[in-house]
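Undergrad: return a 3D structure for these sequence lines:
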Amino acid sequence: MNIKSLLLGSAAALAVVSGAQAADAIVAAEPEAVEYVKVCDAYGTGYFYIPGTETCLKIAGYVRFDAGFGFGDAYDNNGGQDWGDHTRAELSFDTKSDTEYGTLTGRIALQANANGATIPAGGLTGGAATTLGSEGNSTIIDEAYLELGGFRAGKFASWWDNDFTGESDKMSNNTNFNAVRYTYDAGDFYAGVALEELGGISGRDAYADFGLAPTVSQLDNNSLGIDASVGGKFGAFTWQVYGGYSQREEEGAVTARMSADIGPGTLEGAVVWSSGLNSETFTNNYDQTGEWTFVAEYQIKATDKLTITPEVQYTSNIVPDVDGNWDTGHMWRAGATMDYKIVDNLSTRVSATYVNEDYGNAGGSADWVEGFFRLQRDF
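TA: Okay, the predicted model is just below:
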């Protein structure tokens, strides 16, 4: 056998062996497809599909730091403490999905608060436009509700929580309850009614200065409130009327408000009528500021980052008689709020308010200045 034949035979043998080994080789399995989170744009920005479902979820919230201050008659007896800090963190979860009855919504908003000092404020409305509050920490469910076809049930803010942009007014009282509500919404017009579990509100201790201490410390926790609202838009105008009645207190209030885009900003005004205070608790869950309240503000968009909102309020008959009927006195509040966008999702707010309360036939008066500085990071 010559060398050429030997080489050809060896090559053929190697080819057979290699082919046999290739037939027996282990083939790696194909990687399973990964289900990436998909953006859900049907309900606005920030929503994404929960993997494996048709439900859209949005996670949001904010971190806020406030420093409140006050000086004048309402802060004269605070042991030299006329300022206080407040930190808040809020985390919210919103879910939405389409059904044959409309959009099914669920919302959970968790809130944690830390107040550094107890800064009691005097007068009848001291502390209303500041962050001064009770010392200590609290973690609460701010909102938790479900909604379908216009029906909502759970714990949520009422129509009375629709605050003005400015921070100088003093209007509604409790605004967040366990409730059931139905709202008909046609876009440019809506109407709704709600049944609310009221409670926990106390009469103002300051009434004792006028010899009007309540005979019952606070409203029962299972009082029924009936709340209704209608509103809409036409052109540049937006209007809203809402009212509430407390079954336990046998008192209520009505608010009418309107806003319009005028010039470089938005002009908004409101009129509030309060029926009075319960003769035992000296409370009115829907408004216990005074008999008639008039509020006006003008939100000026000065630049893309700066908004300035001057605001004024007048309330008549702020002191009740021994039966809880509004009787005498008046109040003026005037101030301004400045909002500045530092960068995306980080803003600051500064507010200052002058308050003058005249107690009429009850005797005496008080005036003071209060406000706060805020930093807030949204996400």
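Undergrad: low-confidence ranges, this structure, go.
TA: Within the chain, the stretches with pLDDT under 70 are 1-35, 77-81, 117-120, 133-136, 173, 200, 217-221.
Undergrad: what about the helices in it?
TA: 3-23 (DSSP state H).
Undergrad: what's the first-to-last distance across stretch 44-58?
TA: Criterion Cα to Cα, to the nearest Å; first-to-last residue distance in stretch 44-58 is 10 Å.
Undergrad: do stretch 110-123 as well
TA: End to end - Cα to Cα - stretch 110-123 spans 32 Å.
Undergrad: what sits up against it?
TA: 68, 70, 73-78, 81-92, 127, 130, 132-142, 206, 355, 357, 366, 368, 370 (Cβ atoms under 8 Å, 6 or more residues apart in numbering). Just so you know, the C-beta spots here come from the backbone N, C-alpha and C atoms, and that holds for glycine as well.
Undergrad: gap between that stretch and the chain center?
TA: 17 Å (Cα atoms, centre = their mean, to the nearest Å).
Undergrad: quick one: residue 162 and residue 240 touch, right?
TA: Yes. At 7.3 Å, residue 162 counts as touching residue 240 under the criterion of Cβ atoms under 8 Å.
Undergrad: give me the subset of the contacts of stretch 110-123 lying in strands.
TA: Using DSSP state E, the subset of the contacts of stretch 110-123 located in strands is 68, 70, 83-92, 136-142, 355, 357, 366, 368, 370.
Undergrad: list buried residues within those residues.
TA: Among these, those classed as buried by 16 or more other Cβ atoms under 10 Å are 68, 70, 83-84, 86, 88, 90-92, 142, 355, 357, 366, 368, 370.
Undergrad: list the buried residues of stretch 289-299.
TA: 289-291, 293, 295-299.
Undergrad: can you redo those as a markdown table with distance to residue 279?
TA: Converted to a markdown table, the buried residues of stretch 289-299 look like this (distance: Cβ to Cβ, whole Å):
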| residue | distance to residue 279 |
| --- | --- |
| 289 | 18 |
| 290 | 17 |
| 291 | 16 |
| 293 | 21 |
| 295 | 27 |
| 296 | 32 |
| 297 | 34 |
| 298 | 39 |
| 299 | 39 |
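Undergrad: farthest-apart pair in these, please.
TA: Pairwise distances across the buried residues of stretch 289-299 (Cβ to Cβ) peak at 27.3 Å, for the pair 291 and 299.
Undergrad: tell me the contacts of the residue nearest to residue 216 when sequence neighbours are not counted?
TA: If the residues on either side of it in the chain are set aside, residue 216 comes closest to residue 280, at 4.3 Å by Cβ to Cβ, 6 or more residues apart in numbering. Shown in contact with residue 280 (Cβ under 8 Å, 6+ apart): 214-216.
Undergrad: of those residues, which belong to strands?
TA: Going by DSSP E, the strands hold none of those.
Undergrad: list buried residues within these.
TA: Buried members of these, counted by 16+ other Cβ under 10 Å: residue 214.
Undergrad: out of the contacts of residue 280, the closest to residue 376 would be?
TA: residue 214 (36.8 Å).
Undergrad: could you measure residue 164 against residue 298, distance?
TA: Taking Cβ to Cβ, to the nearest Å as the measure, residue 164 and residue 298 are separated by 11 Å.
Undergrad: which neighbours do those two share?
TA: With Cβ under 8 Å, 6+ apart, residue 164 and residue 298 have common neighbours residue 268.
Undergrad: all strands for the stretch 101-250 of the chain, in order.
TA: In the stretch 101-250 of the chain, the strands defined using DSSP state E, counting those that start in this stretch lie at 102-115, 136-148, 151-157, 176-185, 189-198, 223-234, 237-246.
Undergrad: do you know which of those strands lies nearest residue 361?
TA: Here strand 237-246 is closest among the strands of the stretch 101-250 of the chain (Cβ to Cβ), at 27.3 Å.
Undergrad: partner strands of that closest one, parallel or antiparallel?
TA: Applying DSSP bridges, strand 237-246 is found paired with strand 223-234 (antiparallel), strand 251-262 (antiparallel).
Undergrad: buried ones in that strand?
TA: Within strand 237-246, the residues scored as buried using 16+ other Cβ under 10 Å are 238, 240-246.
Undergrad: grab the nearest non-local neighbour of residue 321.
TA: residue 327 (4.2 Å).
Undergrad: just confirm that neighbour contacts residue 319, I think it does.
TA: Yes. Between residue 327 and residue 319 there is a contact under Cβ under 8 Å: 5.8 Å.
Undergrad: output stretch 364-379 as PDB, restricted to C-alpha atoms.
TA: Taking C-alpha atoms only, stretch 364-379 is exported to PDB below (Å, rounded to 0.1, in the frame of the first residue of the first chain):
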ATOM      1  CA  GLY A 364     -63.100  92.000  69.200                       C
ATOM      2  CA  SER A 365     -61.100  91.400  66.000                       C
ATOM      3  CA  ALA A 366     -57.900  89.700  64.800                       C
ATOM      4  CA  ASP A 367     -55.500  90.000  61.900                       C
ATOM      5  CA  TRP A 368     -52.400  88.100  60.900                       C
ATOM      6  CA  VAL A 369     -50.200  86.900  58.000                       C
ATOM      7  CA  GLU A 370     -49.600  83.200  57.200                       C
ATOM      8  CA  GLY A 371     -48.200  81.100  54.400                       C
ATOM      9  CA  PHE A 372     -45.700  78.400  53.300                       C
ATOM     10  CA  PHE A 373     -42.900  77.400  51.100                       C
ATOM     11  CA  ARG A 374     -43.100  74.100  49.200                       C
ATOM     12  CA  LEU A 375     -40.800  71.900  47.100                       C
ATOM     13  CA  GLN A 376     -42.400  69.000  45.200                       C
ATOM     14  CA  ARG A 377     -41.000  66.200  43.100                       C
ATOM     15  CA  ASP A 378     -43.700  64.400  40.900                       C
ATOM     16  CA  PHE A 379     -43.300  61.100  39.200                       C
END
